[in-house]
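>>> Kindly generate the corresponding structure for this input.
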Amino acid sequence: MIDSIVYRQMAAKDIEDVVATETEVFTTPWSAEVFAHELTGNDYATYIVAECENEVIGHVGMWVILDECHITNVAVRKHRQGLGIGEALMRQAMELCRNNGVTAMSLEVRVSNETAKNLYRKLGFQEGGIRKNYYSDDHEDALVMWVEL
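Numbering: from 1, shown residues only. Next up is the predicted model:
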């Protein structure tokens, strides 16, 4: 099944599936309007989707400014989690950044999200600090993580 996954740049036609993934995975998902703006109105934004059998099953978003990248979101449909898709999406993002002269990448992750933190550590990310009360839904702290590329 993993072999049949295609990783490609997100297009407007993917917004509905991406929002479905966000809604399934996050307590405060981004809306279709936010993604539409990211694709058409944010020159710093790039999104990669994972597609399997004509269904978008995951995505990673990033803002690249000069030589730094900030990961905005990473999500995989619940029925496809645990198969390495999130890791593959992150590796795709890291490779894209390396190929475009980016030297560092950062992200925030919920302090309670051990699965994501373990993935990011596996990819070489280090802990950089805490953003207190970062998440608006429950005021959970965010752990800032970064990696040099």
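>>> Every contact and neighbour count from this point should use C-alpha atoms.
Noted.
>>> So in this protein, which strand runs the longest?
strand 55-65 (DSSP state E).
>>> Tell me what the spatially most central residue of the chain is bridged to.
Closest residue to the average C-alpha location of the chain: V74 at 2.4 Å, with C-alpha atoms, centre = their mean. Beta bridges link V74 to V60, judged by DSSP bridges.
>>> can you check H70 too?
Beta-bridge partners of H70, as defined by DSSP bridges: W63, S106.
>>> re earlier: got the contact list for the longest strand of the chain?
Contacts with strand 55-65, where a contact means C-alpha atoms under 8 Å, 6 or more residues apart in numbering, come from 14, 17-18, 21, 44-51, 69-77, 80, 85-86, 89-90, 93, 97, 102.
>>> And the contacts of the lengthiest helix in the chain?
Taking DSSP state H as the criterion, the chain has its longest helix at helix 85-99. With C-alpha under 8 Å, 6+ apart as the test, helix 85-99 has contacts from 2, 7, 48-50, 58-60, 62, 64, 69, 74-76, 103, 105, 119, 123, 149.
>>> give me the low-pLDDT residue ranges for the chain?
Applying pLDDT under 70 to the chain flags the ranges 1-3.
>>> Restricted to buried residues, select the contacts of strand 55-65 in ChimeraX.
Buried residues among the contacts of strand 55-65 (16 or more other C-alpha atoms under 10 Å), as a ChimeraX selection:
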select :14,17,18,21,45,46,47,48,49,50,51,69,70,71,73,74,75,76,77,85,86,89,90,93,97,102
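>>> so what's N133 closest to, chain neighbours aside?
Sequence neighbours aside, H139 is the residue nearest to N133 in space, at 4.1 Å (criterion: C-alpha to C-alpha, 6 or more residues apart in numbering).
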